[in-house]
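Undergrad: build me a structure from this.
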Amino acid sequence: MPQQLGSSLGFMIIIFAAMYFFMIRPTQKREKEVRKMRDNLKVGDRIITIGGIKGTILKLGDDFVVIESSNAKTKLEFVKSAVGTVIRDDSSEVVKETKEDKSDSKEEE
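TA: Below you'll find the model as predicted:
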């Protein structure tokens, strides 16, 4: 009987460890990255809220963000937790791709 108890306990420990490494740990890592992204927001960043509204940050507070969402200068205030994504400046990526394309074409000739 004690041998069965030991093997059952060992199996439960293995199951718990697998759940930790495949479920809990990745979730904590994602939450840490999102928290870091929200802490690094600055005025002028372009964002998309979790509701899908795009805008540029005009003002930052401890727990709120004021954005301008259109050409009509519509200002909206959100809590920081509503920020879903920071839109990166794509122009630098386009320049890199263009340079790579040119070097690829030179190599082909």
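Undergrad: how near is residue 79 to residue 64?
TA: Separation of residue 79 from residue 64 (CB to CB, to the nearest Å): 6 Å. To be clear about C-beta, it is placed using only N, CA and C from the backbone, and glycine gets the same treatment.
Undergrad: same check, this time on residue 38
TA: From residue 38 over to residue 64 the distance is 11 Å, taken as CB to CB.
Undergrad: try residue 28
TA: Going from residue 28 to residue 64 by CB to CB gives 25 Å.
Undergrad: which of residue 38 and residue 64 has more neighbours?
TA: Shown here are residue 38 and residue 64; by other CB atoms under 10 Å, residue 38 has more neighbours (16 against 13).
Undergrad: now the more buried one. Nearest residue, chain neighbours left out?
TA: residue 80 (5.2 Å; CB to CB, 6 or more residues apart in numbering).
Undergrad: which stretches of the protein form helices?
TA: 2-19, 25-39, 91-108 (DSSP state H).
Undergrad: quick one: least confident helix or strand in the protein?
TA: helix 91-108 (a mean of 41; mean pLDDT, DSSP states H and E).
Undergrad: and the residue nearest the centre of the protein?
TA: With distances taken as CA atoms, centre = their mean, residue 34 lies nearest the centre of the chain, 4.9 Å away.
Undergrad: which residues touch that residue?
TA: Under the criterion of CB atoms under 8 Å, 6 or more residues apart in numbering, the contact list for residue 34 is empty.
Undergrad: how near is it to residue 57?
TA: Taking CB to CB, one finds residue 34 at 17 Å from residue 57.
Undergrad: same question, residue 25
TA: Applying CB to CB to residue 25 and residue 57 gives a distance of 31 Å.
Undergrad: of the two, who's got more company?
TA: Ranked by neighbour count (other CB under 10 Å), residue 25 and residue 57 place residue 57 first, with 19 against 11.
Undergrad: shouldn't residue 64 be in contact with residue 82?
TA: No. Using CB atoms under 8 Å, residue 64 is not in contact with residue 82, being 9.3 Å away.
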